[in-house]
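A.B. asks: Predicted model follows, preceded by the sequence.
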Amino acid sequence: MLVHFGDRYAEQIGNVRQIVGRFVGVQDVVASRNPAHRISVRPGAVPGAAYDGRVADDLPEGALLDGRYRVATKIATGGTSTVYRGLDTRLDRPVALKVMDSRYAGDQQFLTRFQMEARAVARLKDPGLVAVYDQGLDGRHPFLVMELVEGGTLRELLAERGPMPPHAVAAVLGPVLGGLAAAHRAGLVHRDVKPENVLISDEGEVKIVDFGLVRAFAEAGITSTSVILGTAAYLSPEQVRDGNASPRSDVYSTGIVAYELLTGQTPFSGDTALSIAYQRLETDVPRPSTVIDGVPPQFDELVERATARDPADRYADGHDMAAELAAIVKELALPRFRVPAPRNSAQHRSAVQHHSTDRRQPPKHQPTRQLEREPHHGKPVTPGQFAGIDMVEFALERQHARRMMLIWIAIVLSITGMAAGAAWTVGSNLSGLL
């Protein structure tokens, strides 16, 4: 039996490797310090462009793209691009500039698809989507001009604060699903929904970014870090099995994000990206309540349906899942919540550097965090608590006046001394309760 299982596992892994191989050959490479999170392959589809190990080209501060967009400080670098703060000199408007690596400038198939996807996304209008303003090619650099969201990513917020209580989870998922619904109505599929692609502004806005980029790379036959197959922890079974994606694939990935928000960890773990990707072909995502006490059954059911292995058993699209979430919020009478931006985000550090006259630096006691996905190692959760917060608190939020609720919060925190409760309920949610 052991031999049979091993043969079957090897066969399935071989199938996944063939999917990768259809795009760029056979060599898998590790692309991050935690190889369990990304499936990546050596770029090699661009004619005449030999991969030299670079992540992306750096543009000097002050460079002008297309005679209009001035490059400022770098925000983040990925496997295929670098994001900068920028200025639209024609409109005197701050923007975000996503500059693709120069190795893609010679691939006409990629450039055509990149332009088509940018135009399609630019037509979308929804508060849950990062707006796309323009796209172009300046010499060796294809680029995308987007709304500048002052804040940080959901990944950075999770790294700072850990798992969220139900009303905070709903506050994050609502705008994400709204953005997905708008895109799905227009016939677009994201293909790479994950916390890194969810931005949170300093005003509490939640927006999803990078629509269309994965498809541009996929149809051009280009693969690199976090594209084509995306990030292993969030892939749908059909993406792993045959590379296909639909609105129901985005629903699955959103279900994984919901699970992580509730529990502080992703449902599957392993030593390699391939092993993580393979598990969802044979294993259902567990209910969040099996990991952390106090998760309402309605959220268990939301995650369970969103992450069904058979796409036909999932919510049809972002709108369908958003409607279910809205019904849950109403049924549980969850309070409104303003999602806090991460305090030590890459975007904030870039803003500090950009405003050089201020000369303020991030506090030394808040070092840059390693954001690769790692299991959450918080304090043990005791019965009747959620993320260190007494579940009685949530009942009182629905039954008592706001003043009485705030008094109860103070009592609970003084008795339990739970840091997580203080962080989420008082530090972040107080403004939404007053």
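C.D. replies: On my side now, so go ahead.

A.B. asks: What distance do you get for the closest residue in space to residue 255 that isn't next to it in sequence to residue 208?
C.D. replies: Among residues not flanking residue 255 along the chain, residue 306 sits closest, at 2.8 Å (Cβ to Cβ, 6 or more residues apart in numbering). C-beta coordinates here come from the backbone N, C-alpha and C atoms, glycine included. Relative to residue 208, residue 306 is positioned 16 Å away (criterion: Cβ to Cβ, to the nearest Å).

A.B. asks: hang on, residue 137 is in a strand, isn't it?
C.D. replies: Yes. Residue 137: assigned to a strand according to DSSP: H, G, I helix; E, B strand; the rest coil.

A.B. asks: The residue nearest to residue 255 and residue 286: what is the separation?
C.D. replies: Where residue 286 is concerned, residue 306 sits at a distance of 13 Å (Cβ to Cβ).

A.B. asks: can you give me the helices in the stretch 151-300 of the chain?
C.D. replies: 154-161, 166-185, 213-220, 237-242, 247-263, 273-282, 297-306 (DSSP state H, counting those that start in this stretch).

A.B. asks: Adding distance to residue 73 as columns, could you present these in JSON lines?
C.D. replies: Output for the helices of the stretch 151-300 of the chain, formatted as JSON lines (distance: least, Cβ to Cβ, whole Å):
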{"stretch": "helix 154-161", "distance to residue 73": "17"}
{"stretch": "helix 166-185", "distance to residue 73": "27"}
{"stretch": "helix 213-220", "distance to residue 73": "22"}
{"stretch": "helix 237-242", "distance to residue 73": "34"}
{"stretch": "helix 247-263", "distance to residue 73": "29"}
{"stretch": "helix 273-282", "distance to residue 73": "31"}
{"stretch": "helix 297-306", "distance to residue 73": "37"}
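
A.B. asks: From those helices, pick the one with the highest average neighbour count.
C.D. replies: helix 247-263 (a mean of 26; mean count of other Cβ atoms under 10 Å).

A.B. asks: Out of the helices of the stretch 151-300 of the chain, flag the one nearest residue 146.
C.D. replies: helix 213-220 (11.1 Å; Cβ to Cβ).

A.B. asks: What average pLDDT does that closest one get?
C.D. replies: If you average the pLDDT over helix 213-220, you get 68.

A.B. asks: if I read this right, residue 81 contacts residue 102, doesn't it?
C.D. replies: No. Taking contacts as Cβ atoms under 8 Å, residue 81 lies outside contact range of residue 102: 10.6 Å.

A.B. asks: now the stretch 101-250 of the chain, which segments are flagged as low pLDDT?
C.D. replies: 212, 214-215, 218-230 (pLDDT under 70).

A.B. asks: still on that earlier bit, for residue 314, find the nearest of the helices of the stretch 151-300 of the chain.
C.D. replies: The nearest among the helices of the stretch 151-300 of the chain, by Cβ to Cβ, is helix 247-263 at 4.8 Å.

A.B. asks: re earlier: compare residue 81 and residue 102 (neighbour count), which wins?
C.D. replies: residue 81 (25 against 15; other Cβ atoms under 10 Å).

A.B. asks: can you tell me how far the spatially closest residue to that one that is not a sequence neighbour sits from residue 74?
C.D. replies: Of all residues beyond its chain neighbours, the one nearest residue 81 is residue 100 (4.8 Å), with distances taken as Cβ to Cβ, 6+ apart. In this structure, residue 100 and residue 74 are 14 Å apart, going by Cβ to Cβ.

A.B. asks: neighbour count winner among these two?
C.D. replies: residue 100 (25 against 21).

A.B. asks: Can you read off the backbone torsions of residue 74?
C.D. replies: phi -80, psi 140 (degrees, to the nearest 10).

A.B. asks: do the one 4 residues further on as well
C.D. replies: When quoted as degrees, to the nearest 10, the phi and psi of residue 78 stand at phi -120, psi -170.

A.B. asks: Now do the strands in this protein.
C.D. replies: Assigned by DSSP state E, the chain shows strands spanning 64-65, 69-77, 81-88, 93-100, 132-138, 141-146, 151-153, 198-201, 206-208, 385-386, 389-390.

A.B. asks: for the longest one, which positions count as buried?
C.D. replies: Buried positions in strand 69-77, judged by neighbour count with 16 or more other Cβ atoms under 10 Å: 69, 70, 71, 72, 73, 74, 75, 76, 77.

A.B. asks: From those, pick the one nearest residue 257.
C.D. replies: Nearest member of the buried residues of strand 69-77 to residue 257, counting by Cβ to Cβ, is residue 76, at 19.1 Å.

A.B. asks: beta partners of that closest one?
C.D. replies: residue 83 (DSSP bridges).

A.B. asks: wait, it sits on residue 84?
C.D. replies: No. With contacts counted by Cβ under 8 Å, residue 76 stays clear of residue 84, the gap being 9.1 Å.

A.B. asks: quick one: pLDDT of the closest residue to residue 160 other than its chain neighbours?
C.D. replies: Spatial nearest neighbour of residue 160, excluding adjacent residues (Cβ to Cβ, 6+ apart): residue 342 at 5.2 Å. Looking at residue 342, its pLDDT is 93.

A.B. asks: What is the neighbour count of the residue nearest to residue 130 when sequence neighbours are not counted?
C.D. replies: Excluding its sequence neighbours, the residue lying closest to residue 130 (Cβ to Cβ, 6+ apart) is residue 209, at 4.2 Å. Using other Cβ under 10 Å, residue 209 has 23 neighbouring residues.

A.B. asks: Run through the residues that contact residue 209.
C.D. replies: 129, 130, 146, 149, 197, 198, 199 (Cβ atoms under 8 Å, 6 or more residues apart in numbering).
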